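Undergrad: sequence unavailable; structure follows:
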């Protein structure tokens, strides 16, 4: 059943808010860093002189520069949001953003603290477009409706927290630094998948369909495709979908992008270098999948996409040879319905492989596999 006009409008509004959050990161984070600067300059002069040797001003200026690099990266992700089927006018919103604090300008002779002009798109201009020649696709959110202008929305702290979390998850899923954490979760799942289908030759794996619900930034689904299986990830969050689309479809080189995911908090760190440590992504080339391996990411709620028969051309019943869940089952409002859907969409002889806090495992024909 197609979405109602109200549902379509709500989806447009939500997508626009996510894009606006990406686009407003620069000024929001600079403003937060300026608050730190303001707090220091509110101290008594004698106290300021006492802590001058800590070089706090230089630290804040370095954080400003890292904020600008992050903002340039985030702007590239949402450079062409129309490709996702949502046509929204953001210009009035962007021009109405609050400016950086005047205290920082006074300290630096009329410039902002880092000495840069903070215009959108600061930095070198280059195109990250990339198309997969081996049939890999990244499905787009559904297209609904006509242009809409949101002039009253300003991202709140919750929106910015989701954006900061996306940067940190890019480290886990797509950097060399995140490999140990990634391997602790993904490797046991992949090993269990290979063991279950060890009777299938590698060149025949592409006929086996593997679903990864709650795919996040898509690395597990990508790794499964690298093993030769027909892999599909499913994700609900537009933050995750936008970032994964950029990495998988608009990145051409290993370590092409540099981000600073740790600059947003000064707590629980031992040195300035910990805060300002750059992370290079991705650690693998998105075009390194085996030729003709089916790979896709589908946007939408797991229960809605796979729990019903909304698409008569792609019925989900008995379609999947394996379902891989990594810290996903605990996101269910009704875990029984998750299990019911997984059981229904598994093909005879299929397997559900789960890693996470849930201890139940379920498969067709008494095939059970749970990764502890």
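TA: It's in. Note that the structure is a prediction, hence the values are computed from the model and not measured.
Undergrad: list the buried residues for the longest strand along the chain?
TA: Under DSSP state E, the strand in the chain containing the largest number of residues is strand 346-355. By neighbour count with 16 or more other C-beta atoms under 10 Å, strand 346-355 contains the buried residues 346, 347, 350, 351, 352, 353, 354, 355. To be clear about C-beta, it is placed using only N, CA and C from the backbone, and glycine gets the same treatment.
Undergrad: wait, residue 228 touches residue 200, no?
TA: No. In this structure, residue 228 is not within contact of residue 200 by C-beta atoms under 8 Å, at 9.3 Å.
Undergrad: ok now the longest strand of the chain, how far from the chain's centre?
TA: 26 Å (C-alpha atoms, centre = their mean, to the nearest Å).
Undergrad: what ranges do the strands span in the stretch 201-350 of the chain?
TA: Listed in chain order, the strands of the stretch 201-350 of the chain (DSSP state E, counting those that start in this stretch) span 209-213, 230-235, 257-259, 279-281, 295-299, 320-326, 346-355.
Undergrad: what angle separates the second one from strand 209-213?
TA: In terms of direction (axes from the mean of the first three to the mean of the last three C-alpha atoms, to 10 degrees), strand 230-235 departs from strand 209-213 by 20 degrees.
Undergrad: low pLDDT regions in the stretch 201-350 of the chain?
TA: Within the stretch 201-350 of the chain, the segments meeting pLDDT under 70 span 309-314.
Undergrad: make it 80
TA: For the stretch 201-350 of the chain, the stretches flagged by pLDDT under 80 are 270, 308-315.
Undergrad: correct me if wrong: residue 68 contacts residue 25.
TA: No. Counting by C-beta under 8 Å, residue 68 sits too far from residue 25 to count as a contact (10.1 Å).
Undergrad: looking at the two, which has the bigger crowd around it?
TA: Set side by side, residue 68 and residue 25 show more neighbours around residue 25, with 23 against 20, by other C-beta atoms under 10 Å.
Undergrad: dump the residue contacts of that one.
TA: Residue 25 sits next to 67, 70, 71, 74, 160, 163 when contact means C-beta atoms under 8 Å, 6 or more residues apart in numbering.
Undergrad: now do the contacts for the nearest residue to residue 285 once chain neighbours are set aside.
TA: Leaving aside its sequence neighbours, residue 285 sits nearest to residue 254 (C-beta to C-beta, 6 or more residues apart in numbering; 5.4 Å). The contact partners of residue 254, by C-beta under 8 Å, 6+ apart, come to 282, 283, 284, 285.
Undergrad: quick revisit: for the strands of the stretch 201-350 of the chain, give me CSV that also has distance to residue 80.
TA: As requested, these are arranged in CSV below (distance: least, C-beta to C-beta, whole Å):
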stretch, distance to residue 80
strand 209-213, 26
strand 230-235, 20
strand 257-259, 17
strand 279-281, 20
strand 295-299, 16
strand 320-326, 30
strand 346-355, 35
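Undergrad: for residue 154, find the nearest of those.
TA: strand 257-259 (23.8 Å; C-beta to C-beta).
Undergrad: how far out from the middle of the chain is that closest one?
TA: Distance, centroid of strand 257-259 to centroid of chain: 14 Å (C-alpha atoms, centre = their mean).
Undergrad: that one - contacts with which helices or strands?
TA: helix 56-77, helix 157-174, strand 279-281 (3 or more C-beta pairs under 8 Å, 6 or more residues apart in numbering; DSSP states H and E).
Undergrad: picking that back up, which one of the buried residues of strand 346-355 is nearest residue 308?
TA: residue 346 (16.4 Å).
Undergrad: how much space separates the closest one from residue 34?
TA: From residue 346 across to residue 34, the span is 53 Å (C-beta to C-beta, to the nearest Å).
Undergrad: now the host helix or strand of residue 39: buried residues?
TA: Applying DSSP states H and E as the criterion places residue 39 in helix 25-41. The neighbour-count check on helix 25-41 (16+ other C-beta under 10 Å) flags 25, 26, 27, 28, 29, 30, 31, 33, 34, 37, 40 as buried.
Undergrad: skipping its backbone neighbours, what lies nearest residue 202 in space?
TA: Nearest non-adjacent residue to residue 202, counting by C-beta to C-beta, 6+ apart: residue 228, 5.4 Å away.
Undergrad: now distance to residue 235 too, for the helices and strands packed on strand 257-259, in JSON lines please.
TA: Shown next, in JSON lines, are the helices and strands packed on strand 257-259 (distance: least, C-beta to C-beta, whole Å):
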{"stretch": "helix 56-77", "distance to residue 235": "15"}
{"stretch": "helix 157-174", "distance to residue 235": "11"}
{"stretch": "strand 279-281", "distance to residue 235": "18"}
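Undergrad: what about residue 18, which SS state?
TA: helix (DSSP: H, G, I helix; E, B strand; the rest coil).
Undergrad: who are the contact partners of it?
TA: 159, 238, 239, 242.
Undergrad: so what's the spatially most central residue of the chain up against?
TA: Of all residues in the chain, the one closest to the mean position by C-alpha atoms, centre = their mean is residue 240, 2.9 Å from it. The contact partners of residue 240, taken as C-beta under 8 Å, 6+ apart, are 166, 169, 215, 216, 217, 218.
Undergrad: one step back: the buried residues of strand 346-355: which two are farthest apart?
TA: Across these (C-beta to C-beta), the longest gap, 21.2 Å, separates 347 and 355.
Undergrad: before we move on, the earlier item: quick check: the residue nearest to the centre of the chain vs residue 66, distance?
TA: 23 Å.
Undergrad: also residue 259?
TA: Using C-beta to C-beta, we find residue 259 at a distance of 9 Å from residue 66.
Undergrad: what do the two both touch?
TA: Common neighbours of residue 259 and residue 66 (C-beta under 8 Å, 6+ apart) are residue 278.
Undergrad: so which of the contacts of residue 254 wins on neighbours?
TA: residue 282 (22 neighbours).
Undergrad: confirm for me that it is in contact with residue 175.
TA: Yes. Shown here, residue 282 and residue 175 form a contact pair, counting by C-beta under 8 Å, at 7.3 Å.
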